[in-house]
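**Q** Quick one, structure for this:
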Amino acid sequence: MPVIEISDLSDPRLVDYAHLTDVALKKARGTEHGLYIAESALVLERALRAGHRVRSVLALGNTASEAHALVGDDVPVFVGPGEMLAELTGYVLHRGVIASMHRPELPDAEELLAGARRIVILENVSDPTNVGAIFRSAGAIGADAILVTPRCSDPFYRRAIRVSMGTVLQVPWTRVGDWPSTRALLTRHGFHLAALALTTDAVSLRDFPGHEHERLALLLGAEGDGLTPDALAASDTVVQIPMKHGIDSLNVAAASAVAMWALSS
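**A** Here you go, the predicted structure:
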């Protein structure tokens, strides 16, 4: 399929890019699991490498050939000037390429944990920027998988994917249910659950013997509210990062990087 010059912004083939929210993309008609947006050639390449299917690509004029080389002849690549594409999408395409991608079916949690040693659980982390940053740290430091609770922000939201530099598409993840079922899942697979929280009985991260646990899950909660009582009750140990200068905590994304590095052995 040749590169297609955009002449009419009302073209129905461009609807995936026309000011749609992440929620609207997730519910896109004619798809099995919805859509997500991949920004930049790097993220598109990582999505394709992960086996995700691309529906179409939107590219600035000077990036069309690069996009076409990535997706091949069977995927439409729509091209136009920056002003026109910004009018269509509602934002400037700083990275030159965005792609409409089919959301994959999420993996089964049992299968995801079968071969994992170090995992991260995100409870109710509502900011997609934090979710993306945590995924990037997980990919760089070496978490095998991430579990997210029902009220956690969607890792396939555009901002989360962008902040993670596409790591959301590389680190295996899935959603889990309530805490009784999640605790049972972790128990079946032999995971020790370490919650990062400020409680009176919390153990310093310096003193927590993470290396003694063959399988370890790090639990992180939302900014402000922290972990729920049910999450803390399900945990085996509560740990905290020692602080100085009267500061009690770090941003959850920064804390995740510190804790993952400390527990990565």
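
**Q** So which residues of this protein form strands?
**A** Taking DSSP state E as the test, the strands found in the chain are 3-5, 35-39, 54-60, 77-80, 97-102, 118-122, 145-148, 173-175, 192-196, 203-204, 216-220, 237-240.

**Q** what packs against the fifth one?
**A** Okay, so that is strand 97-102. strand 35-39, helix 41-49, strand 54-60, helix 64-71 (3 or more Cβ pairs under 8 Å, 6 or more residues apart in numbering; DSSP states H and E). No exception for glycine: its C-beta is placed from N, CA and C like everyone else's.

**Q** what's the angle between the longest helix that the chain contains and strand 118-122?
**A** The longest helix of the chain (DSSP state H) is helix 128-141. Between the axes of helix 128-141 and strand 118-122, defined by axes from the mean of the first three to the mean of the last three Cα atoms, to 10 degrees, the angle is 180 degrees.

**Q** re earlier: nearest to Pro242, out of the helices and strands packed on strand 97-102?
**A** helix 41-49 (35.5 Å; Cβ to Cβ).

**Q** chain center to the closest one: distance?
**A** Relative to its parent chain, helix 41-49 has a centroid offset of 14 Å by Cα atoms, centre = their mean, to the nearest Å.

**Q** Out of the helices and strands packed on strand 97-102, which gets nearest to Leu9?
**A** Taking the helices and strands packed on strand 97-102 one by one with Cβ to Cβ, strand 54-60 is closest: 11.3 Å.

**Q** Just give the strands next to that closest one in its sheet, each with its orientation.
**A** In the sheet, strand 54-60 lines up against strand 77-80 (parallel), strand 97-102 (antiparallel) (DSSP bridges).

**Q** ok now the last one, how far from the chain's centre?
**A** Same thing as strand 97-102. For strand 97-102, the distance to the chain centre is 16 Å (Cα atoms, centre = their mean).

**Q** picking that back up, out of the helices and strands packed on strand 97-102, which comes closest to Pro172?
**A** Short answer: helix 41-49, nearest of the helices and strands packed on strand 97-102 by Cβ to Cβ, at 13.6 Å.

**Q** Any buried residues in that closest one, and which?
**A** By neighbour count, with 16 or more other Cβ atoms under 10 Å as the criterion, the buried positions of helix 41-49 are Ala41, Val43, Leu44, Glu45, Arg46, Ala47, Leu48.

**Q** got TSV for those, with pLDDT and distance to Leu186 too?
**A** Listed next are the buried residues of helix 41-49 as TSV, based on pLDDT from 0 to 100; distance: Cβ to Cβ, whole Å:
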residue	pLDDT	distance to Leu186
Ala41	92	38
Val43	94	31
Leu44	95	34
Glu45	94	34
Arg46	94	29
Ala47	96	29
Leu48	96	33
